[in-house]
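> Quick one, fold the following:
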Amino acid sequence: MPRLNPRCDSVDAKGVSKEVPAFMPIMLPTGLALLTALASAPEVQMLDHPAAGLRVAEDAMPPSNQEDLLAQAERGDVRAMRNWATQLLKSHDRQDAQEAAWWFSQAVEIGDHESMHQLASLYCIGWGVSRDYQAAYQLWKSAAQAGHADAMYDLAVCYQKAVGTYRHPGRSAMWFKRAAHANQPAAMAAWGRCRFDGWGTSRNDADAVMWWKRAAAKGQVDAMTGLAIAATTGRGTDRSSETAAKWWKRAAEHGSPLGMVITSANCEMGSGIPQDRVEAGHWYIQAIYHQQPDTSPSLGLVLAGVP
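Numbering: from 1, shown residues only. This is a model prediction of the structure:
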């Protein structure tokens with residue numbers, strides 16, 4: 001699971017590990033549900049790359065409907081090709097994944113942008129096809145240039161982390177911005193971070209806060225933590241321990257281990273919220289359960305802005 005790290009590794013086009021600057025976040029995947037499911041398959045070696053954007057519904061299609069769907073795909077229906085490939089991926093079987101990749105590739109040849117995005121994800125994680133970061137990058141680039149919002153986000157991550165291409169802060173920020181304007185939630189949070197840090201673009205704290213609020217409304221935890229930091233530092237908004245505590249707690253409630261640690265400290269010290277040692281203990285235990293590194297009161301107090 002992605003989490004805030006002081007530093008994170010990336011891979012270049014040849015799979016060589018590189019370091020990414022500490023001020024850039026690890027972005028969330030566009031298809032976390034399926035990636036989590038695929039990770040449970042023993043043969044799959046997952047790439048810790050946030051851009052693999054596969055999205056598959058949980059419920060399998062009835063056999064009769066599957067036969068109809070396959071027949072439509074064989075007749076050249078692009079949407080049926082894509083949907084049949086998606087059905088095949090639900091089995092978690094490597095041979096089915098290979099067939100799914102073939103169907104996605106057929107749809108790609110016809111110009112289906114969603115299939116470009118899905119096939120790129122398979123290349124990125126090496127499932128059903130040999131892992132090929134450059135192929136993933138090229139497919140995401142094609143889909144992004146055609147206006148596919150999730151592909152725009154994934155392409156931005158490729159430029160951020162040098163996956164399949166070179167690292168380019170300016171291009172990364174540009175594609176985060178385009179995806180954000182296309183209402184891609186994770187991109188909204190990422191573009192806000194770019195504006196807050198001045199990474200690949202000019203710094204504008206107020207604009208960062210605006211994008212974070214939009215992303216937080218869509219459930220983006222990175223945006224919630226960004227808003228908490230903005231309120232703590234008074235950048236782009238009024239400095240307020242109450243507002244910061246509110247956003248840290250909301251991030252905690254959405255599963256952020258960092259938010260849990262800081263909310264625990266806030267509850268214990270009464271920083272921005274009423275003092276409540278019982279709730280402090282609850283969030284501290286939750287943070288340990290979610291494996292937040294260096295979980296300690298001193299870390300929490302520092303991050304919470306307590307003198």
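> Mind naming the longest helix for this structure?
When the chain is parsed with DSSP state H, its longest helix is helix 94-110.
> and the helix or strand just after that one, what other elements does it pack with?
Scanning forward in sequence from helix 94-110 by DSSP states H and E, the next helix or strand is helix 113-125. If contacts are counted by 3 or more C-beta pairs under 8 Å, 6 or more residues apart in numbering; DSSP states H and E, helix 113-125 sits against helix 78-89, helix 94-110, helix 133-145, helix 149-161. The C-beta positions use only the backbone N, C-alpha and C, and glycine is treated the same way.
> For the residue nearest to R235 when sequence neighbours are not counted, what are phi and psi?
Nearest in space to R235, with sequence neighbours left out and distances taken as C-beta to C-beta, 6 or more residues apart in numbering, is D205 at 4.3 Å. The phi/psi pair for D205 (degrees, to the nearest 10) reads phi -60, psi -40.
> thinking D205 is in contact with F196, fair?
Yes: in this structure, D205 sits in contact with F196. The criterion is C-beta atoms under 8 Å, and the distance is 6.2 Å.
> From W175, how far off is A143?
Spatial separation of A143 from W175 under the definition C-beta to C-beta, to the nearest Å is 12 Å.
> looking at the helices and strands packed on helix 113-125, which is buried most?
Ranked by mean neighbour count under mean count of other C-beta atoms under 10 Å, the helices and strands packed on helix 113-125 are led by helix 149-161, which reaches a mean of 29.
> for the record, mean pLDDT for stretch 91-109?
In this model, stretch 91-109 carries a mean pLDDT of 94.
> got it, and stretch 276-289?
Model confidence over stretch 276-289 averages 90 on the pLDDT scale.
> before we move on, back to that, what's the angle between the longest helix of the chain and helix 113-125?
An angle of 140 degrees separates the directions of helix 94-110 and helix 113-125 when computed by axes from the mean of the first three to the mean of the last three C-alpha atoms, to 10 degrees.
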